[in-house]
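In: Quick one, fold the following:
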Amino acid sequence: MNATQKFEERKFVIPELKGISKKTIDEHLKLYAGYVKNANLLLEKIGTYMQEDAEGNAYVIGELRRRLSFEYNGMRNHEIYFASLEGGAKTLSKTSPLKKILIDTYGSVENFIAGFKATAATTRGIGWNVLWYDRKNSRLLASWVDEQHFGLLNDCAMILGIDMWEHSYVADYQPSGKKQYIEDFFANLNWEVIEGNFADAVSSSK
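Out: Alright, predicted model coming up:
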């Protein structure tokens, strides 16, 4: 990506979902579009300030770059999230390399899902619950990301992410329905997409 190239908003075709309304998805997609727009705007402003007077504008540029991490990660996190809901719910293949590493890491796929759901349901505050592939050590790691940019694991690829900001579920579930939202997210999950994310991450580590 050169200095003038812009991030492009991805278009997602999401079917009718269990529990999560079309209205919520539509509003959520508008939020994602805003992250794409803001990331592009920030890069443009940073470039302008750099050209004008990089040293004199250092503090302004620093603040813009701090903001960029928020907007950029909001963009990328949502691309993983929405893609995982495309194509309808699909189960994890019995012969999947992802299934094997989940079993090797957590004892069973069911153990992983139970623990992942529990973290999403009980962690206080807004953020993302994420499954990563550690490309350095060829292993899976799960972690919580505050907001969408504090706590990212360096050089790890995001395999699966559930958005736990309230805008993802409150309109459909109310604050007390967070656990049901998590259950429905997994009921709607297209595991073929998650397998593809894993395969891409493994390939990029070679």
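
In: And the residue sitting nearest the centre point of the chain, how far from N111?
Out: The residue lying closest to the centre of the chain (Cα atoms, centre = their mean) is N77, at 2.5 Å. Going from N77 to N111 by Cβ to Cβ, to the nearest Å gives 25 Å. (C-beta placed from N, C-alpha, C; glycine too.)

In: do G56 as well
Out: According to Cβ to Cβ, G56 stands 55 Å off from N111.

In: more crowded one of the two?
Out: A count of neighbours by other Cβ atoms under 10 Å puts N111 above the other of G56 and N111, at 13 against 10.

In: Confirm L153 sits in a helix?
Out: No - read with DSSP: H, G, I helix; E, B strand; the rest coil, L153 is coil and lies in no helix.

In: Now do the contacts for it.
Out: By Cβ atoms under 8 Å, 6 or more residues apart in numbering, the contact set of L153 is 132, 134, 141, 143.

In: try 10 Å
Out: Counting by Cβ atoms under 10 Å, 6 or more residues apart in numbering, L153 touches 130, 132-134, 141-143, 145.

In: Report pLDDT for I25.
Out: pLDDT, I25: 98.

In: same check, this time on T119
Out: pLDDT recorded at T119 is 97.

In: Beyond the host helix or strand of it, next helix or strand please.
Out: Here T119, judged by DSSP states H and E, is contained in helix 109-122. Per DSSP H and E, helix 109-122 leads on to strand 127-134 as the next helix or strand towards the C-terminus.

In: Return the list of strands paired to that following strand, each annotated with direction.
Out: Strand 127-134 has the following strand partners under DSSP bridges: strand 139-146 (antiparallel), strand 156-163 (antiparallel).

In: now the last one against helix 109-122, angle please.
Out: Pointing back at strand 156-163 there. Comparing the axes of strand 156-163 and helix 109-122 via axes from the mean of the first three to the mean of the last three Cα atoms, to 10 degrees yields an angle of 60 degrees.

In: need the next SSE after strand 156-163, C-terminal direction.
Out: Where DSSP H and E defines the elements, the next helix or strand beyond strand 156-163 is helix 170-173.

In: Quick one: mean pLDDT over that next one.
Out: Computed over helix 170-173, the mean pLDDT rounds to 97.

In: how about the helix ranked longest in the chain: buried residues?
Out: The longest helix of the chain (DSSP state H) is helix 22-53. Across helix 22-53, burial judged by 16 or more other Cβ atoms under 10 Å covers 24-25, 28-29, 32, 35-36, 38-40, 42-43, 45-46, 49.
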